[in-house]
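**Student:** I'll drop the sequence and a predicted model, then ask my questions.
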Amino acid sequence: MIATRPNRNVLLIYTDQWRYDALGCAGHPVVQTPNLDALAVRGTRFSHCFVQHPLCMPSRYSMLSGRYPSSLGVTHMGVPVPEDAEVLSCVLARFGYRTANIGKLHFLPHANRDHREAHPAYGFEHAEISDEPGVYPDAYRAWVQRHHPDDLEASAQVAHPPAWEAWQRVLGQDDGIRHPENLDPYRTRVYEGSDDSTHSAFVAERSIDYLRRRASDREPFFCISSFYNPHSPLVAPQRFLDLYADRSITPPCFPEAEDAERKARGWDDDYLVQAMRGYYAMISEVDHYVGQIIDALDAGGLSDNTLVIFTSDHGEFLGEHLRWGKGYPAPDCVLRVPCIMAGPGVAPGPSAVDTIIEAVDIFPTITDWLAVPTPPQAEGCSRLSLLQRHPAESDPSESALCEDAEWKHLRTRNHRYLLHRDGSEELYDVNAEHGEYHDISRDPDARETLAAMRHRLALRLLEKERPAPRVWPY
């Protein structure tokens, strides 16, 4: 039975590969994000939000279920999310919410399936899924063909994943979509189509259309507007690249050994700067469309009863640690993400809350804000109290847990600890100069800290246990 329809809404603006520091309101000296900066003033920005896995699929499933990857049995890429998974959309649908996902979802491997076929619902009654822009004959490409047919070729400016090419070859298929070859995903390029035919434009237009319908029928909703940017390859419309044409961009500062290595690889300052420029341009493009979505929310009279959340599934190395993309060993540039929440009852900014929170906390925070019972299997912690008042100081026991089948990771206020399956350990002082580059686990002066981190990790693993309930003592 569906409960009485509530009178509150949730809009989750979800991005891919957005670093925690790449916001104007986070103090970045170059990145231009005026719309997200304004959202942070209207609400609360969490400066220390950490995801539970440094890759897309495990991180997204973890966040939308409020559970840790090991509890879900998904600690690496390529594991399909079960169709009956108890994710947030399923829970809210039972309480009368209209549910939608527009853009990226990435609950399924996307290189070995026909994207024209119906996608599992996962509790979303409205789903326009496009996990990668222009790669497959999916909702985005259909939208381009319908509204911007001259830009079909431009929309396919990204390369096919190798696994997709292998799948087509083995099965003797050809989707007819031609893609560039030998593409350097971190060599910035200009989007060759019209500005309003990009994947980000697609997510915004379809989200705005959805919000207008909800404003008309006043049906309560949970909507995810899921952008692919600023994920590589670095492709952006010229006008967003132009925002950074005259701005001084400083490449990362490396320790001496890493600096010599990156130069030996040919990653000179010019290469790093052009990649950063492309990455920032993609961020500004998303910010532009976030502004349009927020304007539609305001115009429809929905802002007074809608919780808006902005966050990402993980960050981006962007050349740091001599790496690109995301993944192990999961330093802050990858695990730490932006998180802004704004809406009724949320204390306004501009100062940020520096309490350590986790992506699994978003699920119970939403259910708590909506006065919907949080399922007992959820492992995150509601942060509604932090939204309602900014704490005077942080709890020194705060920590964030990240995990893979081969390692466990704990991030505290001052340290980052890694325990591997083979028993080896790593310890980093995140506040020291180049601290995330130097493993101090064998430093005699760090013995007490190492022991304390082991103990804290053990406690975190025990805290997250959710054994199946018994029905009777015998």
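**Tutor:** Okay, I see it. Numbering: from 1, shown residues only.

**Student:** now the strands for the stretch 251-400 of the chain?
**Tutor:** Using DSSP state E, counting those that start in this stretch, the strands of the stretch 251-400 of the chain run over residues 306-312, 336-342, 353-358, 399-403.

**Student:** What angle do strand 353-358 and the last one make with each other?
**Tutor:** Note on geometry: by axes from the mean of the first three to the mean of the last three CA atoms, to 10 degrees, strand 399-403 and strand 353-358 are set 30 degrees apart in direction.

**Student:** show me the contacts for the residue nearest to residue 297 when sequence neighbours are not counted.
**Tutor:** Leaving out its chain neighbours, the residue that sits closest to residue 297 by CB to CB, 6 or more residues apart in numbering is residue 303, at 5.2 Å. C-betas here are computed from N, CA, C, even on glycine. Applying CB atoms under 8 Å, 6 or more residues apart in numbering to residue 303 gives the contacts 294, 297, 343.

**Student:** what residue ranges in this structure score low on pLDDT?
**Tutor:** By pLDDT under 70, the low-scoring segments of the chain are 1-6, 159, 390-397.

**Student:** Return the most buried member of the strands of the stretch 251-400 of the chain.
**Tutor:** Neighbour counts (mean count of other CB atoms under 10 Å) averaged over each of the strands of the stretch 251-400 of the chain peak at strand 336-342, with a mean of 26.

**Student:** Would you mind pulling up the elements that that strand packs against?
**Tutor:** Contacts defined by 3 or more CB pairs under 8 Å, 6 or more residues apart in numbering; DSSP states H and E place strand 336-342 against helix 34-42, strand 44-50, strand 306-312.

**Student:** ok, of the contacts of residue 303, which one's closest to residue 211?
**Tutor:** residue 297 (5.9 Å; CB to CB).

**Student:** For that closest one, give me its contacts.
**Tutor:** Neighbour list for residue 297: 11, 211, 303, 306, 308 [criterion: CB under 8 Å, 6+ apart].

**Student:** if we go to 7 Å?
**Tutor:** Counting by CB atoms under 7 Å, 6 or more residues apart in numbering, residue 297 makes contact with 11, 211, 303, 306.

**Student:** Can you flag which of those residues belong to helices?
**Tutor:** When these are checked against helices (DSSP state H), the matches are residue 211.

**Student:** which one of the contacts of residue 297 is nearest residue 76?
**Tutor:** Distance ranking of the contacts of residue 297 against residue 76, using CB to CB, places residue 11 first at 30.2 Å.

**Student:** Let me know the helix or strand that residue 447 is in.
**Tutor:** For residue 447, the host element (DSSP states H and E) is helix 447-463.

**Student:** what packs against that helix?
**Tutor:** Counting contacts by 3 or more CB pairs under 7 Å, 6 or more residues apart in numbering; DSSP states H and E, helix 447-463 is packed against strand 399-403, strand 407-412, strand 415-420, strand 425-429.

**Student:** ok, and for it, which residues are buried?
**Tutor:** Residues of helix 447-463 classed as buried: 449-450, 453, 456-457, 460 (neighbour count, 16 or more other CB atoms under 10 Å).

**Student:** Verify the stated contact: residue 234 with residue 279.
**Tutor:** Yes. Between residue 234 and residue 279 there is a contact under CB atoms under 7 Å: 6.0 Å.

**Student:** more crowded one of those two?
**Tutor:** Using other CB atoms under 10 Å as the criterion, residue 234 and residue 279 rank with residue 279 on top: 26 against 23.

**Student:** what's the burial count for the nearest residue to residue 221 once chain neighbours are set aside?
**Tutor:** Nearest non-adjacent residue to residue 221, counting by CB to CB, 6+ apart: residue 98, 4.3 Å away. The local packing of residue 98 (other CB under 10 Å) involves 20 other residues.

**Student:** Quickly note the distance from residue 437 to residue 148.
**Tutor:** Plainly put, residue 437 is 45 Å away from residue 148 if you go by CB to CB, to the nearest Å.

**Student:** angle of the longest helix seen in the chain against helix 34-42?
**Tutor:** In the chain, with assignment by DSSP H, the single longest helix is helix 269-299. Put simply, helix 269-299 runs at 60 degrees to helix 34-42, going by the same axes, to 10 degrees.

**Student:** Check the offset of helix 269-299 from the chain's centre.
**Tutor:** Counting by CA atoms, centre = their mean, to the nearest Å, helix 269-299 is centred 15 Å from the centre of its parent chain.

**Student:** tell me the angle of it relative to strand 336-342?
**Tutor:** Using the same axes, to 10 degrees: helix 269-299 against strand 336-342 is 20 degrees.

**Student:** What are the buried residues along helix 269-299?
**Tutor:** Under 16+ other CB under 10 Å, the buried positions of helix 269-299 are 271-291, 293-294, 296-297.

**Student:** go on, stretch 17-24?
**Tutor:** By 16+ other CB under 10 Å, the buried positions in stretch 17-24 come out as 17-20, 22-24.

**Student:** In a markdown table: those residues, plus distance to residue 375.
**Tutor:** What follows is these, written out as a markdown table (distance: CB to CB, whole Å):
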| residue | distance to residue 375 |
| --- | --- |
| 17 | 29 |
| 18 | 28 |
| 19 | 31 |
| 20 | 28 |
| 22 | 33 |
| 23 | 32 |
| 24 | 37 |
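
**Student:** Tell me the one among the residues you listed nearest to residue 335.
**Tutor:** residue 20 (8.7 Å).

**Student:** can you tell me which residues contact the closest one?
**Tutor:** Taking CB under 7 Å, 6+ apart, we find residue 20 in contact with 26, 315, 332, 336-338.

**Student:** do the same with residue 293
**Tutor:** With CB under 7 Å, 6+ apart, residue 293 has these contacts: 13, 204, 207-208, 225.

**Student:** Between these, which sits nearest residue 87?
**Tutor:** residue 225 (16.6 Å).

**Student:** Alright, calling it a day.
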